[in-house]
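Q: turn this into a model:
(one chain, ligands or ions: 1)
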Amino acid sequence: MKKVFLLFSLSFSLIGALSAQTELDLINAVSLDSLSQTLQEFTGEVATNVGGNSVTILNREQSNNDLAGDYLVEKFNAMNSLTVTDQPFNTNGRNIIATQLGKTNPNDIYIICSHYDSVADYCADDNASGTATVLEVARILSTQCMDNTLVYALWDEEEIGLRGANFYASQANNNGDNILGVLNIDMMGYDGDDDDDFDIDVRPIANSIEMKDDLVALLATYNFNLNVNVVNPGTTASDHARFWDQGYSAVLVGESWDNDDQTPYYHSSSDRFSTLDLPYFHELAKLIMSYMVTKGSLVSVDNSLTVSPSTLTSNMDNASYQWVDCSTNLPIPSEVNQSFSPTISGSYAVEVTVGSCTELSACVDFTSLGTHTFKLNTINIYPNPTSSILTIEHSLNDDLMFELFSIEGKQVLQKVLTEKRSKLNMSQLSKGTYFVRMTQNKKVFSQQIVIGK
Ligand SMILES: [Zn+2]
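A: Alright, predicted model coming up:
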């Protein structure tokens, strides 16, 4: 019994984590653990998996970074609703680009980008820091429908002449791509004097100044622990400059070269994960996320779930639903209602569709409490709603375990019922929805009740 309850409470406690739907929730979803893991994998501090093999990505110099490129392709391919382009542009050069098509204005494009090549081993700050941030923003925003198109771009051969970005930007201009903003990140993990300053490099080209203004405004909106330093005219020594060359709006965000507070390990194999200021890096990643989520513009579809002891329910009303088995990624035949009561323990998600927007929820581990249920009308609970006394009647021979859970999954009451009719006092509980679970041997009964005052 105790073990069953433990599993049950674990699956239940996921509710809070799954309701990331507002801009603020998505900004807060930027995880330092996730960023750190990617950074360490991408700089060879820890082994990772590429193509089913355990590998170490120690070096990302231009003729030696195919493994790094393959890693990025796999990361993007594992995310929802992204079209991944592996874009070779010369013998060794290869951009890795993922596109998330806008639902409302697919031709309005915002790009978040960084270069992934390096000049030596490790090179954590330059520029695994930017690369990890692009992947983190993609990980989070790819779960959402956006009005505008987002392009997550990782350039190659920045270090030998901004070649990857040059190829993309000139092609985009030739195609007439309506790129409304390019947010380039290059070196964003070092803050030697701990003053939280960072640079925005900008020039008066297209709407680049407005981009800078929007970023500065977001600092105040979300109260980020950062001090901005605007550099105008900004440096042309990173990929955003190639977009300026084509007349596009672009800025560079990163640690403060202008205040001479850039990493002292620049362009050397001493530029390692351990030298980064992680809280500073995390804060900058959140600022970057705030820009992309604001410009991308969320389509308001809620892909979160509520988990009860017996049922998973989509929190989005008036939509189309398809429940999915996460172990196979396949839809579950005829499970197309807002709620789903799995009879087998497993990991489940729901695909919610409203208009042209389809979002997949996170996968939830659900512990089915058994396939046996009590015969109809064996158990009767009343009144529901109740304000004080709840009566439970049953026609079974053995004792019944009664448990009451709050909507957050916290057990608030547990009692063995030895009588065929029991009265329980609910008046000390706060008003709201609760779940009753009653068990006897392997049989389970569950019901939602409301306590009103
Ligand atoms: Zn760089």
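Q: so which elements touch the lengthiest strand in the chain?
A: Counting residues, the longest strand found in the chain (DSSP state E) is strand 105-115. Packed against strand 105-115, as judged by 3 or more Cβ pairs under 8 Å, 6 or more residues apart in numbering; DSSP states H and E, are the following elements: helix 129-141, strand 148-155, helix 163-175, strand 179-185, helix 278-296. For glycine as for every other residue, the C-beta is placed from the backbone atoms N, C-alpha and C.
Q: just put the ones you listed in TSV and tack on mean neighbour count.
A: Written out in TSV, the entries for the helices and strands packed on strand 105-115 read as follows (neighbours: other Cβ atoms under 10 Å):
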stretch	mean neighbour count
helix 129-141	26
strand 148-155	26
helix 163-175	20
strand 179-185	25
helix 278-296	22
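Q: looking at those, which is closest to the ion?
A: Using Cβ to the ion as the criterion, the shortest distance between the ion and the helices and strands packed on strand 105-115 is 7.4 Å, found for helix 129-141.
Q: quick one: mean pLDDT over the closest one.
A: On average, the pLDDT along helix 129-141 is 98.
Q: is it anywhere near the ion?
A: No - for helix 129-141, no contact with the ion is found by Cβ under 5 Å from the ion; the gap never falls below 7.4 Å.
Q: how far is that helix from where the chain is centred?
A: For helix 129-141, the distance between its averaged C-alpha position and the chain's averaged C-alpha position is 9 Å (Cα atoms, centre = their mean, to the nearest Å).
Q: run the chain-centre distance for whichever strand or helix holds Leu424.
A: Here Leu424, judged by DSSP states H and E, is contained in strand 421-425. Averaging C-alpha coordinates over strand 421-425 and over its chain gives two centres that are 45 Å apart (Cα atoms, centre = their mean).
Q: show the subsequent helix or strand relative to it.
A: Trace forward from strand 421-425 with DSSP H and E and the next one is strand 432-440.
Q: CA atoms only for the helix or strand that that next one is followed by, dumped as CSV, please.
A: Using DSSP H and E, the helix or strand that directly follows strand 432-440 along the chain is strand 443-451. In CSV, the C-alpha atoms belonging to strand 443-451 read as follows (Å, rounded to 0.1, in the frame of the first residue of the first chain):
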residue,chain,number,x,y,z
LYS,A,443,-9.7,-2.9,-6.4
VAL,A,444,-9.8,0.9,-6.7
PHE,A,445,-12.6,3.4,-6.6
SER,A,446,-12.0,7.1,-7.2
GLN,A,447,-14.2,10.1,-7.4
GLN,A,448,-13.9,13.9,-7.4
ILE,A,449,-15.6,15.7,-4.6
VAL,A,450,-16.1,19.4,-3.9
ILE,A,451,-15.9,20.9,-0.4
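Q: buried ones in strand 443-451?
A: Neighbour-count burial for strand 443-451, with 16 or more other Cβ atoms under 10 Å as criterion, is recorded at Lys443, Val444, Phe445, Ser446, Gln447, Ile449, Ile451.
Q: from those residues, which is closest to Asp258?
A: Top of the list for closeness to Asp258, among those and by Cβ to Cβ, is Ile451 at 59.4 Å.
Q: OK, contacts around the closest one?
A: For Ile451, the contacting residues are Pro385, Thr386, Ser387, Met426, Leu429, Ser430, Lys431, Gly432, Tyr434, taking Cβ atoms under 8 Å, 6 or more residues apart in numbering as the criterion.
Q: quote the end-to-end distance of stretch 232-239.
A: For stretch 232-239, the first-to-last residue distance is 16 Å (Cα to Cα, to the nearest Å).
Q: report the mean confidence score over that stretch.
A: Summarised as a single mean, pLDDT over stretch 232-239 is 98.
Q: report whether that stretch contacts the ion.
A: No - looking at stretch 232-239 against the ion by Cβ under 5 Å from the ion, there are no contacts, and the closest approach is 6.0 Å.
Q: which parts of that stretch are buried?
A: Neighbour counts over stretch 232-239 (16+ other Cβ under 10 Å) mark Gly234, Thr235, Ser238, Asp239 as buried.
Q: now tell me what touches that stretch from outside.
A: For stretch 232-239, the external contacting residues (Cβ under 8 Å, 6+ apart) are 113-115, 155, 158, 162, 164-165, 184, 186, 199-204, 209, 212, 241, 244, 251-252, 257.
Q: rewinding a little: just checking: what are the partner strands of the strand holding Leu424?
A: For strand 421-425, the paired strands and their directions (DSSP bridges) are strand 389-394 (antiparallel).
Q: the residue nearest in space to the middle of the chain - nearest residue in space that isn't next to it in sequence?
A: Most central in the chain under Cα atoms, centre = their mean is Ile140, positioned 2.6 Å from the mean C-alpha point. If the residues on either side of it in the chain are set aside, Ile140 comes closest to Ala29, at 4.9 Å by Cβ to Cβ, 6 or more residues apart in numbering.
Q: pull the contacting residues for the closest residue to Asn107 other than its chain neighbours.
A: The spatially closest residue to Asn107, leaving aside those adjacent along the chain, is Asn178, at 5.1 Å (Cβ to Cβ, 6+ apart). By Cβ under 8 Å, 6+ apart, the contact set of Asn178 is Asn107, Asp108, Ile109.
Q: and of these, the nearest to Cys123?
A: Set against Cys123, the nearest of the contacts of Asn178 by Cβ to Cβ is Ile109 (28.7 Å).
Q: you'd agree the closest one is up against Asp147?
A: No - here Ile109 does not reach Asp147: they are 11.9 Å apart, not a contact under Cβ atoms under 8 Å.
Q: looking at the two, which is more packed in?
A: The residue with more neighbours, out of Ile109 and Asp147, is Ile109; 21 against 16, by other Cβ atoms under 10 Å.
Q: so the more buried one versus Tyr168, what's the distance?
A: In this view, Ile109 and Tyr168 are 12 Å apart by Cβ to Cβ, to the nearest Å.
Q: and the closest residue to the ion within the stretch 201-350 of the chain, helix, strand or coil?
A: Minimum separation of the stretch 201-350 of the chain from the ion (Cβ to the ion) falls at Ser238, amounting to 6.0 Å. Put simply, Ser238 is coil when judged by DSSP: H, G, I helix; E, B strand; the rest coil.
Q: which residue packs closest to it, ignoring adjacent ones?
A: The shortest distance from Ser238 to any non-neighbouring residue, by Cβ to Cβ, 6+ apart, is to Asp186 (4.3 Å).
Q: so what does that neighbour have for phi and psi?
A: phi -140, psi 110 (degrees, to the nearest 10).
Q: how many residues are close by the residue nearest to Ile140?
A: There are 18 residues near Ala29, going by other Cβ under 10 Å.
Q: thinking again about what came up before, pretty sure the residue nearest to Ser238 sits against Gly130.
A: Yes - in terms of Cβ under 8 Å, Asp186 counts as a neighbour of Gly130; the distance is 5.5 Å.
Q: which neighbours do these two share?
A: Contact criterion Cβ under 8 Å, 6+ apart; residues shared by Asp186 and Gly130: Ser114, His115, Gly254.
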